[in-house]
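In: Output the structure for:
(chains A, B, C, D, E, F, G and H, ligands or ions: 12)
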8 protein chains.
Amino acid sequence: ERQGYPEVVFGEGKTVYQIIEIIKVLKARHRRILATRISPEKAAAIQKEVENLVYNETARTLFWKNAEEQTILYQGYVAVVSAGTSDLRVAEEAAVTVEAMGCEAVRICDVGVAGIHRLLDNLEIIRNATVSVVVAGMEGALPSAVGGLVSHPVIAVPTSVGYGANFGGLSALLSMINSCASGISVVNIDNGFGGGYNAALIHRMANEKRGEQQ
Amino acid sequence: ERQGYPEVVFGEGKTVYQIIEIIKVLKARHRRILATRISPEKAAAIQKEVENLVYNETARTLFWKNAEEQTILYQGYVAVVSAGTSDLRVAEEAAVTVEAMGCEAVRICDVGVAGIHRLLDNLEIIRNATVSVVVAGMEGALPSAVGGLVSHPVIAVPTSVGYGANFGGLSALLSMINSCASGISVVNIDNGFGGGYNAALIHRMANEKRGEQQ
Amino acid sequence: ERQGYPEVVFGEGKTVYQIIEIIKVLKARHRRILATRISPEKAAAIQKEVENLVYNETARTLFWKNAEEQTILYQGYVAVVSAGTSDLRVAEEAAVTVEAMGCEAVRICDVGVAGIHRLLDNLEIIRNATVSVVVAGMEGALPSAVGGLVSHPVIAVPTSVGYGANFGGLSALLSMINSCASGISVVNIDNGFGGGYNAALIHRMANEKRGEQQ
Amino acid sequence: ERQGYPEVVFGEGKTVYQIIEIIKVLKARHRRILATRISPEKAAAIQKEVENLVYNETARTLFWKNAEEQTILYQGYVAVVSAGTSDLRVAEEAAVTVEAMGCEAVRICDVGVAGIHRLLDNLEIIRNATVSVVVAGMEGALPSAVGGLVSHPVIAVPTSVGYGANFGGLSALLSMINSCASGISVVNIDNGFGGGYNAALIHRMANEKRGEQQ
Amino acid sequence: ERQGYPEVVFGEGKTVYQIIEIIKVLKARHRRILATRISPEKAAAIQKEVENLVYNETARTLFWKNAEEQTILYQGYVAVVSAGTSDLRVAEEAAVTVEAMGCEAVRICDVGVAGIHRLLDNLEIIRNATVSVVVAGMEGALPSAVGGLVSHPVIAVPTSVGYGANFGGLSALLSMINSCASGISVVNIDNGFGGGYNAALIHRMANEKRGEQQ
Amino acid sequence: ERQGYPEVVFGEGKTVYQIIEIIKVLKARHRRILATRISPEKAAAIQKEVENLVYNETARTLFWKNAEEQTILYQGYVAVVSAGTSDLRVAEEAAVTVEAMGCEAVRICDVGVAGIHRLLDNLEIIRNATVSVVVAGMEGALPSAVGGLVSHPVIAVPTSVGYGANFGGLSALLSMINSCASGISVVNIDNGFGGGYNAALIHRMANEKRGEQQ
Amino acid sequence: ERQGYPEVVFGEGKTVYQIIEIIKVLKARHRRILATRISPEKAAAIQKEVENLVYNETARTLFWKNAEEQTILYQGYVAVVSAGTSDLRVAEEAAVTVEAMGCEAVRICDVGVAGIHRLLDNLEIIRNATVSVVVAGMEGALPSAVGGLVSHPVIAVPTSVGYGANFGGLSALLSMINSCASGISVVNIDNGFGGGYNAALIHRMANEKRGEQQ
Amino acid sequence: ERQGYPEVVFGEGKTVYQIIEIIKVLKARHRRILATRISPEKAAAIQKEVENLVYNETARTLFWKNAEEQTILYQGYVAVVSAGTSDLRVAEEAAVTVEAMGCEAVRICDVGVAGIHRLLDNLEIIRNATVSVVVAGMEGALPSAVGGLVSHPVIAVPTSVGYGANFGGLSALLSMINSCASGISVVNIDNGFGGGYNAALIHRMANEKRGEQQ
Ligand SMILES: Nc1ncnc2c1ncn2[C@@H]1O[C@H](COP(=O)(O)O)[C@@H](O)[C@H]1O
Ligand SMILES: Nc1ncnc2c1ncn2[C@@H]1O[C@H](COP(=O)(O)O)[C@@H](O)[C@H]1O
Ligand SMILES: Nc1ncnc2c1ncn2[C@@H]1O[C@H](COP(=O)(O)O)[C@@H](O)[C@H]1O
Ligand SMILES: Nc1ncnc2c1ncn2[C@@H]1O[C@H](COP(=O)(O)O)[C@@H](O)[C@H]1O
Ligand SMILES: [Mg+2]
Ligand SMILES: [Mg+2]
Ligand SMILES: [Mg+2]
Ligand SMILES: [Mg+2]
Ligand SMILES: [Mg+2]
Ligand SMILES: [Mg+2]
Ligand SMILES: [Mg+2]
Ligand SMILES: [Mg+2]
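Out: Ligands and ions are numbered 1, 2, ... in the order given. Have a look, this model is predicted:
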């Protein structure tokens, strides 16, 4: 229906067989397919049956697109900012989702509030994005810090990374929801897909508007 | 710094005297000022000292703009959708914030999941917005329902309305954060301001892009 | 004692041996036996020792009835509505329980608030039921949407499906308990049995009344 | 639309003026109107403007019905069982709602698990109902005890009565949701209206079925 | 120091080797030793090295006493009442602890609020105890029901048995703490040892007093 | 029924008129009456209508006994230990309850874990009691410390005193429930009545046993 | 006992009369007295009876010292950093406590993560302190940001400022406890006194060590 | 940058290969390296590739220092106090961290509030430290007891040891945060590293000051 949007398959809890069947059906009618939450073992088994699937091991995603379909459809880029090494898998899910929607993603990793200078060093590249996805677990304040430095919308993604009183990401989620910087909104814990999807929606919308005008 | 943005004063916990002083200082340097969380009594006292302040009793906001400043600066509109009568004050705070940022807000009230036909009746007007703010307390599922019907971004605002096991809005917040419709992100409980601000940011961004192109 | 009611065995935490012994004793005195929470391995072992047990792999239930006992004892049907693929096992436990109590269950799967049209497409079949069981995890609002569309009682069953801030089903439970549609009541997380039992109780009661009148 | 059902007004947070306007409009089109959560002061002010409103001080409800409308439309009765003195206001809201829907309510008060004999003394009258509403705060186990003694459906209503670790009724709610007696479902804390509405829905349904048959 | 009291070893997290060493040392100085939370495998390995240890598989305890030491030192008995099959392991830990302290324990199993008549059938034997330990998971109300029927002290032990909204026993714990029957106090979730210890302390105290008088 | 026990009236939420009526009825049939949670204003009004009521302002209790009834019926005493000044009202409710049941209460105030020497200074008097009630809010560890120093049963009463992360006494309650000293059981937050009642029950039981022997 | 330390009175819940009595007794034996949580009304009444008490209206503290006692006893200073206007009362309680312990406090206000440049502008003055107290409610990440910029110990004080999902400061507390910058430890919500006391303890200790060496 | 400070590697979630690479890089530029959360298997594999790494099995840490680097750089010592056997691994992580920072750690184990005399027996050695780290799970009150006995700063480390209502250490954390002894601050659950780091920071600071003076 909505042109250029990938069909998305949530892989968690689906068998290899089920995913293969779904992808086969979708290929007939769609130009882009993204499957998330796919373990390496499942990915290998699926790739044996379906051609041209690209697996991203960090993001644990499979992506397919029609050979004629152009990878990047829109100008500018989305910044995907993450705090720690262990937040990378969620950040990568966000970045892959952004790309699956035909938008460019620029990854800025390992920046955090506890070492604010690394964030400031990357400020120009973040400011020049149209929208940022900020992914963090123990650094619940990162979206707030980024939000204070940029004037574009920030999508915050809390992760379940941490131990002790982090309560599976709840601490980061609350931190982000209470953020006092304006221009920040939040998606579910570990929902890199949702973060990337929202960001791409905003990025595309800006471009599509422009398109309509011509 | 950022042109056309209102300066915002968070009125909660500030005295009448403090708010008057802040507004006076801001008027010298800014073209739009928005003060939120202002009780009717406070508003009356402030309006005696500062001219041209518009009070919105439902939203509990005061707004001032320079006489030369145009009210609406951007084309299109933001949809502000709300569920129950008691969600209105938060929805209105969102709508007023959208307007304070020079964007048009179209209010769609009293639509809810429990009476899905009223929502469907308003579908065209919601779909034609660039972005929706969806405000709900007991109807935590409303953003999910709206998100499934539109392809633009949805900012969800949980409210503390309800009783019993709603736990001051936590139930609505969790419901929205867990939403399985893509394209939804969430702000703090009762944070109409944040919902409106995020929506206007997206709405403006689209328009500004267009402007840059010319 | 209560005629036509199955004897129910809660399989969780019981050994194969214990379940076999219990079923053997019950067969002597009852005409219907339902055992829930039985893994495929346990089921296979039990079926070797007890004849005429029907295993439902999705619901993870074993059912036995006396050869002379009629399957369906009552007119009309109970609607068992579920949201996502992963809610199916709980929905099936509900449906099997409805059937074990001599009532007909009509399954309506894969309908959700985020894609409200699929729900509306199935409206007639849901409306014609005497009572609905609505099973959902990430779609905590589904019972509310169904409740707004039908005038019969709705039994809501939250599931533990989801991730991040769903907290093992608590988010769905709170959503359902706070529902603003009238005519909805809630059972424990993942308690498909309880949902089906309540629904069948209501369905039977209506029919029994009718019976008494004759 | 649905014949014989009262139109219901949730009074909390509405002004006297708003409630009067709503009731006036409803009277033109409906035969029964129930308003809940009405303080004595509000009730007095509303009664001055609208004739034939009956106020129930314990339930804090206003009820109006068309002069020609018969009070009780269905045979049999709903049992409304409550534990402590302070649970009475919620139990009464349930009973009044049952009556507003044209069903008879029989009140059984001051029975509790901690004094099980008083419950057993009232067993016959509870057993002869078609459905029970069981209201309790500190006695979270009461629905479980009733459910074990009757074979009809039980609607459990937790109340916020208690202190210390009752957490505004959460303790009672959890207790009831975890109940191991079958045939129990739960509504929101202090939601006497919901308890009564569900019970009446079941009670009516049984009777309506019978009606259809003739 | 305190005569006749067992030395207690908390086995959880201790290696077989550590437990053997501890028991060897204790045997030199004590007449009774109780080790709790011992898996069958650990028990077998320990019994190979230490003589005269009695293993209770349900309670998962090892008990040793000096050959000359009399098993039961006090008159009367403690009632250990439990609700479901899965509560048995905690109830047995309580009973074994009572016995390790030289008191007689009478077990009353499978009585619950949802089937109140089985409780009433056992009333005489419970009433004749000096103190009751009441163990329950899904039946959080059982101590309350027992407390209302007896006039001696009741020690309530919540268990983590259950699923869904029982939150690892928290629901049962809150239910018991909020109990409105007087004469009930509560120990930690699954703490059968604590329940038995408290009960035996009270039972012994009564007997010791008597002894002093002579 | 149970001789020598006071009839107890829970004053919270009852009107002056209701309490007077209840006390009048109880006086005819009982020898001791205790009313808890009575504000000074209510107490004054009640005392005007009923003779010989003793009001304890700290405990907020009213007590009446038949003129012939002896105050103290049992030998020995219960220790009522409390931590801070603000825990006194709960400790006093416990002490008054102990006395209302014909037992002597010895108060040990202002001892706490943070100043362990004051506790050690009072050790002899605590050790010589038959049972201790330990009342504490911010000092959740006090029952644990007392329990380690005495060999009699300890009833722990958490209080809602404190601020910040004490969550209305939940922190103290959890601390006490997790206590690693044996011989401790816990009642509800602020339930001085329950603490005193349990202690007196144990104290009396010991004495009654002795009586039976004669 | 400990020289130079103020005696501290926690004013919450104490009457004017009680506080006056306590201060009078303490003056005889101590050289410094600090009373916290004193409302302006209470302060005025107390000052009428006791001479030389200094009231700090923001901190809500009363301070007295012996005329001969020197105000500042130690070299260097403690930095008291706070985020928002509404965090000021807690920050001031911390600063006053630092001063009451004979240490200098330098206040740095209105710096926050959402406007990181104001924090960086004040970096030198914070870095030159021996220890920092960082006070924040909605800006739970502030201690983390400060901790990453300094190498001395940071005492974090969460405040209950905020609304919606801040849950009375719990969100800020969790944020701080999970902080990934090393060198941060946390005290109770709104516990400015505890933050100041810990900081002064560290500041003094450093100086005292130096003193001992001479 | 900061001389004498170890570089710290958080091992959790890193592969053996990653840790080896990181350590190799760090060795070129640093004189002390500490890696935490390293399982015995990982440690063995890493030690094969990197020389002079010391593994502490209880603390699960790897430590390396330049051959010329002196082990202890500062006078005096830090007391590391722990309650139960199962708290040892966290206490040891604290002690190893203290040592990695060039400070001496004195371990005082198996002291607890429930057996207060063992704590008192070790009082002199604790009092003579400059700062204490107090580690406890079920004994949440231990820091409070220690804090009342010493006048130096206390860093409290809650552990996740326990069962039932300890909720993964939350109970201990709340207990410590609410502690009413002054001079206590808290780090995350199981964060032995943070406890040791804070303590060493304070210990070093005192010594460094002294050094500066010379
Ligand atoms: N990683 C993810 N997290 C949350 N939602 C997802 C994720 N991946 C896919 N989805 C959603 O799941 C839907 C597909 O679910 P399904 O039909 O069960 O495969 C998509 O339309 C997305 O909205
Ligand atoms: N209703 C509101 N809810 C949340 N944040 C707000 C609200 N109104 C204003 N703010 C924020 O508060 C800031 C001003 O705070 P202040 O300087 O304390 O007046 C603004 O820049 C906004 O980011
Ligand atoms: N199952 C149990 N639950 C709680 N506490 C126990 C249990 N078993 C033993 N204990 C306590 O643990 C102490 C012994 O602990 P330990 O020295 O670690 O073996 C005993 O004195 C008891 O107080
Ligand atoms: N302060 C109290 N806290 C808890 N329960 C109490 C208290 N005072 C009285 N009760 C209980 O409340 C019962 C009387 O309740 P009521 O009939 O409502 O007056 C008594 O039998 C006691 O069990
Ligand atoms: Mg910004
Ligand atoms: Mg959408
Ligand atoms: Mg309906
Ligand atoms: Mg039943
Ligand atoms: Mg009793
Ligand atoms: Mg003891
Ligand atoms: Mg630092
Ligand atoms: Mg101290």
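
In: quick one: contacts for the most centrally placed residue in chain A?
Out: Nearest residue to the geometric centre of chain A (Cα atoms, centre = their mean): A:A94, 1.1 Å. When the contact criterion is Cβ atoms under 8 Å, 6 or more residues apart in numbering or on different chains, the partners of A:A94 are A:80, A:105, A:133, A:135, A:157, A:192-193, A:195-196, A:199. All C-beta atoms are positioned from the backbone trio N, CA, C, and that covers glycine.

In: residue ranges with poor pLDDT in chain A?
Out: A:1-4, A:209-214 (pLDDT under 70).

In: all strands of it, in order?
Out: A:7-10, A:32-36, A:54-56, A:61-65, A:77-82, A:104-108, A:131-136, A:154-158, A:184-186 (DSSP state E).

In: Sheet partners, orientation included, of the fifth one?
Out: When pairs are called by DSSP bridges, strand A:77-82 turns out to pair with strand A:104-108 (parallel), strand A:131-136 (parallel).

In: Out of the ones you listed, which one sits most buried?
Out: Burial of the strands paired with strand A:77-82 is given as mean neighbour count (mean count of other Cβ atoms under 10 Å in any protein chain shown); strand A:131-136 ranks first at a mean of 32.

In: Run through who's touching that strand.
Out: Contacts of strand A:131-136 (Cβ under 8 Å, 6+ apart): A:78-84, A:87, A:90-91, A:94-95, A:98, A:112, A:126, A:142-143, A:146, A:150, A:152-159, A:172, A:192, A:195-196, A:198-199, A:202-203, B:205.

In: would JSON lines of the strands paired with strand A:77-82 with distance to G:A67 be doable?
Out: Putting those into JSON lines (distance: least, Cβ to Cβ, whole Å) gives the following:
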{"stretch": "strand A:104-108", "distance to G:A67": "60"}
{"stretch": "strand A:131-136", "distance to G:A67": "54"}
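
In: Which among those strands is found nearest to ligand 12?
Out: strand A:131-136 (36.0 Å; Cβ to the ion).

In: so who does the closest residue to A:I126 other than its chain neighbours touch?
Out: Nearest non-adjacent residue to A:I126, counting by Cβ to Cβ, 6 or more residues apart in numbering or on different chains: A:A79, 4.8 Å away. Residues near A:A79 by Cβ under 8 Å, 6+ apart: A:105-106, A:108, A:125-126, A:129, A:131-133.

In: what's around whatever residue of chain A ends up closest to ligand 3, how many residues?
Out: Closest residue of chain A to ligand 3, Cβ to the nearest ligand atom: A:G164 (22.7 Å). Close neighbours of A:G164, defined as other Cβ atoms under 10 Å in any protein chain shown, add up to 24.

In: measure it to chain E for me?
Out: Relative to chain E, A:G164 is positioned 18 Å away (Cβ to the nearest Cβ, to the nearest Å).

In: show me the contacts for that residue.
Out: So A:G164 contacts G:177-178, H:158, H:160, H:168-169, H:173, H:188-191 (Cβ under 8 Å, 6+ apart).

In: In helices only, show me the residues you listed.
Out: Among the contacts of A:G164, the members falling in helices (DSSP state H) are G:177, H:173.

In: who wins for neighbours among the contacts of A:G164?
Out: H:P158 (36 neighbours).

In: That one contacts H:G192, correct?
Out: No: assessed by Cβ atoms under 8 Å, H:P158 is found out of contact with H:G192, at 10.8 Å.

In: Please tell me I have it right and A:S144 contacts G:A141.
Out: Yes: counting by Cβ under 8 Å, A:S144 does reach G:A141; the two are 6.0 Å apart.

In: who touches both of those two?
Out: Common neighbours of A:S144 and G:A141 (Cβ under 8 Å, 6+ apart) are A:175, G:113.

In: Would you agree A:L34 is in contact with A:K65?
Out: No: contact criterion Cβ under 8 Å: A:L34 and A:K65 do not qualify, at 9.3 Å.

In: any residues in contact with both of those two?
Out: Taking Cβ under 8 Å, 6+ apart as the contact rule, A:L34 and A:K65 both touch A:P6.

In: Just want to know which of the two has more residues nearby.
Out: The residue with more neighbours, out of A:L34 and A:K65, is A:L34; 25 against 19, by other Cβ under 10 Å.

In: what about that one, distance to chain B?
Out: Distance, A:L34 to chain B, using Cβ to the nearest Cβ: 11 Å.

In: Report the contact partners of that residue.
Out: Counted by Cβ under 8 Å, 6+ apart, A:L34 has contacts A:6-9, A:61-63, A:96-97, A:100.

In: Give the ChimeraX command for selecting the buried subset of the residues you listed.
Out: Applying 16 or more other Cβ atoms under 10 Å in any protein chain shown to the contacts of A:L34 leaves a buried subset, and the ChimeraX line that selects it is:
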select /A:6,7,8,9,61,62,63,96,97,100
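
In: Nearest to G:Q18 among the contacts of A:L34?
Out: Closest approach to G:Q18 among these (Cβ to Cβ): A:T97, at 62.7 Å.

In: The closest residue to that closest one other than its chain neighbours and C:R37, how far apart?
Out: Nearest residue to A:T97, sequence neighbours excluded (Cβ to Cβ, 6+ apart): A:G196, at 3.0 Å. The gap separating A:G196 from C:R37 is 38 Å, by Cβ to Cβ, to the nearest Å.

In: next one: A:A35
Out: Distance of A:A35 to C:R37, computed by Cβ to Cβ: 31 Å.

In: Mind checking which of those two has more residues around it?
Out: Each of A:A35 and C:R37 has its neighbours counted (other Cβ under 10 Å); A:A35 has more, 28 against 18.

In: what residues are up against that one?
Out: A:8-11, A:19, A:23, A:46, A:61-63.

In: Also A:G192?
Out: A:59, A:89-94, A:97, A:135, A:157.

In: How about the residues of chain A by ligand 2?
Out: Selection of chain A residues close to ligand 2 by Cβ under 6 Å from any ligand atom yields A:S182.

In: Right, and ligand 2 sits closest to which residue of chain A?
Out: Closest point on chain A to ligand 2, by Cβ to the nearest ligand atom, is A:S182, at 4.1 Å.

In: Make sure that residue is actually in contact with B:G194.
Out: Yes: with contact defined as Cβ under 8 Å, A:S182 counts as touching B:G194 (6.5 Å).

In: Which of those two has more residues huddled nearby?
Out: Each of A:S182 and B:G194 has its neighbours counted (other Cβ under 10 Å); B:G194 has more, 27 against 23.

In: Please report the distance of the more buried one from ligand 9.
Out: Using Cβ to the ion, to the nearest Å, B:G194 is found at 53 Å from ligand 9.

In: give the contact list for that residue.
Out: A:182, A:184-185, B:157, B:187-188.

In: I'd like to know how far the closest residue to A:R31 other than its chain neighbours sits from ligand 11.
Out: Counting by Cβ to Cβ, 6+ apart, A:R31 lies nearest to A:N66, which is 4.2 Å off, once chain neighbours are set aside. Distance, A:N66 to ligand 11, using Cβ to the ion: 52 Å.
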